[in-house]
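1. Quick check, what structure comes out for this input:
(2 chains)
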Amino acid sequence: MSDKNSESKEPPKRSGQRAAYVDELKYSLNLLTKNKLVLTGIVMSVFFILVAILSTVIVNPASAYKFDFPHAYCWNGNLFSWGTQSNICPASLNFPLGSDGYGRNLLSMIILAIPLDLSIALEIVASALAIGIILGAVAAYAGGWVDEAILRVTDIFFAFPFLILALVFAAVLGRTIPNLELAILLVWWPVYVRLIRGQMLSEKTKAYVEALKALGVSRWRTLFFHLIPNSIYPLLVQATLDIGGVILTFSALVFLGFSPSAALPELGNLTADGIGQIFTAPWLLLFPGLVILLISLGFNLVGDGLRDVLDPRLRR
Amino acid sequence: MLFGVSLITFYLSRGIPSAFNPCAPYINPKMTPTVIHNTCASHGFYQPLYLQYFYWIHDVFTGNWGNAGNWANGQPVYHVFASSFPFTVELALAAVVISVVVGLPLGILSAVHNNKPIDHASRIVALTGISTPVYWFGFVLQLVFFYYFLQWGLPSLPSQGAVSIGAPTIQTYTGIPIIDGLLNGNLAYAWDAFLHVVLPSITLAFASLGALTRLVRASMLEVLRQDYITLARSKGLSERVVIFRHALRNALIPALTVAGLLFAGLLGGAVITETVFNWPGVGRLSVLAVLQGDSNFVMLYTLVTALIVVVANLIVDVLYAVVDPRIRY
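-> Next comes the predicted model:
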């Protein structure tokens, strides 16, 4: 399938497997960046990751819990309530995206929220990936009743209304960030199990597996050093696509009433805070939601491009 | 499978009484702690979980799903569910119609004009749909089409509920407001119900549109690469005939699966949209039930949704065989 190491379709121009691998990688990168949309996606994702890394340098994290009402008072000059004094200010030089209900700078809060959301998404996707790879690989490689049992369990999870299941988990576990992460993880892993199992089943029948067996390579070594690396690419695509999905799901849980704490600078929480003032201070809802949309769109564009590049039928 | 679903939900929602107190519907603030203890004990809530599960199964097979908590005035959950389910059906149907009407042509256009501007545009629309927070989009639609349109004196769309609050009560046949309005010959009522469904169904459809578009595009591209398409083209057939007579029918098979599963998913999964638009369907109620710790409703809801998914899978498999004569079971 999308295996670069052991079966490149063209004979390598330079000698040695490593050189062939580098050529292949360069070609993939070239394909990836040739498409302007994918390039946009890469730029967006890298931008948000940079913002996340630098966030504490740009904004003082303590400002999230400094509710400075008197200083934040401003004449609310928006269209609908002209001239009322309020701590929710529309966009101005001091508050580029306006201020929120706690008198905080909305832009700063969004910048502080980005690393939190990205790390939540990364943690969930990485854990789901790990669980999925181990269970899926074991299911495909062992076969028999082990396979059957693992499949039935994923079937059960697929039949669930997944948001409600996450809600029930969250309700049972309690409203903290790790618990919400756990709730999402519990409904997220089955997809990866299915994906890698399907990949492995086709990979297992290939000739090189037979050859490894003839060479006397142990089963575990075959599994972890050959089969899994060769069937992992579709999972990486799915993982990239899922980063956006996880951020959306997390913010949906927060919106539906599982906010860990009211003033927490988290994108879903900021958006949910804005709902109460939707008709008087629409920016409180618009901007955090827009940032969720952009982060998610960035990763989706990259994932979509990766899928095209890694699909051997669309390559050449 | 349904057994597994019910077991997991049951253990989750009964095992931790602090989150879901199954006894809550039977007690009231006037009771003393001893009375509360006795009442709960008489309903078997202090017995081991597996015994409680057997009692629950026994009750379910005799048609007793238990009572809902105070949030639904303690009515039997079955009645609560049955009276709100038609609203969910209406919303899901409307959303599927929109996704198919928009997503299908978009996917086909995207595949036919592969790597042209129109393909990129469709990719952006599809991926934006997937990446948009549903509740955010719902509120933005409310803001623009309900609030700003009202401000600007344009005809604005309603943002809450399935029919207007002052609407007359009419004879219900199906429970679906639009159809009931038509059956009663009450066109004004049906129109009112139609206006109410516009914004929620667009919200719901926008999210599911992306998956459908991408899938139709992929399967159409796959089909267009086949030899018989090259043959059809080399026969001198017009591009139109090639695409609509030869390619489309084969490309639609995977799309059918997705549309079927989409509908099944929407029947159970319109949770966020229903909450945003205050839609009186089962999704919003299930969120209420979880927040209120009502395990009876959550059990019924998850089981029905799981059943719908299972049945939808079955129907899609059967339809597969009808559409594609090569598939025989």
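2. mind listing the strands in chain A by residue range?
-> Taking DSSP state E as the test, the strands found in chain A are A:74-76, A:84-86.
3. could you list every residue that touches whichever residue of the stretch 1-150 of chain A sits closest to chain B?
-> Per C-beta to the nearest C-beta, residue A:37 is where the stretch 1-150 of chain A lies closest to chain B, at 5.8 Å. (Glycine included, C-beta is placed from N, CA and C.) Contacts of residue A:37 were listed using C-beta atoms under 8 Å, 6 or more residues apart in numbering or on different chains, and they are A:301, A:305, B:120, B:123-124.
4. 6 Å - rerun?
-> A:301, B:120 (C-beta atoms under 6 Å, 6 or more residues apart in numbering or on different chains).
5. Select the longest helix from chain B.
-> When chain B is parsed with DSSP state H, its longest helix is helix B:187-224.
6. Which secondary structure elements does the helix or strand that that one is followed by sit against?
-> Counting by DSSP states H and E, the next helix or strand C-terminal to helix B:187-224 is helix B:227-234. Helices and strands touching helix B:227-234, as assessed by 3 or more C-beta pairs under 6 Å, 6 or more residues apart in numbering or on different chains; DSSP states H and E, are absent.
7. quick check: angle from helix B:227-234 to helix B:187-224?
-> Interaxial angle, helix B:227-234 versus helix B:187-224 (axes from the mean of the first three to the mean of the last three C-alpha atoms, to 10 degrees): 90 degrees.
8. what's the distance between residue B:77 and residue B:122?
-> 43 Å (C-beta to C-beta, to the nearest Å).
9. and if you look at residue B:150?
-> Counting by C-beta to C-beta, the gap from residue B:150 to residue B:122 is 33 Å.
10. Pick out whichever of the two has more residues nearby.
-> Neighbour count, other C-beta atoms under 10 Å in any protein chain shown: between residue B:150 and residue B:122, residue B:122 has more, with 24 against 14.
11. Pretty sure the more buried one sits against residue B:106.
-> Yes. Look at residue B:122 against residue B:106 with C-beta atoms under 6 Å: they come within range, at 4.7 Å.
12. centroid residue for the chain?
-> The chain I'm using is chain A. Nearest to the mean C-alpha position of chain A, by C-alpha atoms, centre = their mean, lies residue A:243 at 1.0 Å.
13. Actually, chain B is the one I wanted.
-> Centroid-nearest residue in chain B, with C-alpha atoms, centre = their mean: residue B:266, separated by 2.0 Å.
14. I'd like to know the predicted local confidence at that residue, please.
-> Predicted confidence (pLDDT) for residue B:266: 77.
15. Can you pull the phi/psi pair for it?
-> Torsion angles at residue B:266 (phi, psi; degrees, to the nearest 10) stand at phi -70, psi -30.
16. And for residue A:262?
-> Main-chain dihedrals, residue A:262, degrees, to the nearest 10: phi -60, psi -40.
17. Look at it and say how many residues are nearby.
-> Quick note: residue A:262 (other C-beta under 10 Å) scores 10 neighbours.
18. Now do the contacts for it.
-> Per C-beta under 6 Å, 6+ apart, neighbours of residue A:262: none.
19. Please identify the residues of chain A in proximity to chain B?
-> Within reach of chain B by C-beta under 6 Å from any C-beta of the partner chain, chain A has these residues: A:37, A:155-156, A:159, A:161, A:163-164, A:167-168, A:171-172, A:244, A:248, A:251-252, A:255-257, A:271, A:278-279, A:282, A:285, A:289, A:292-293, A:296-297, A:300.
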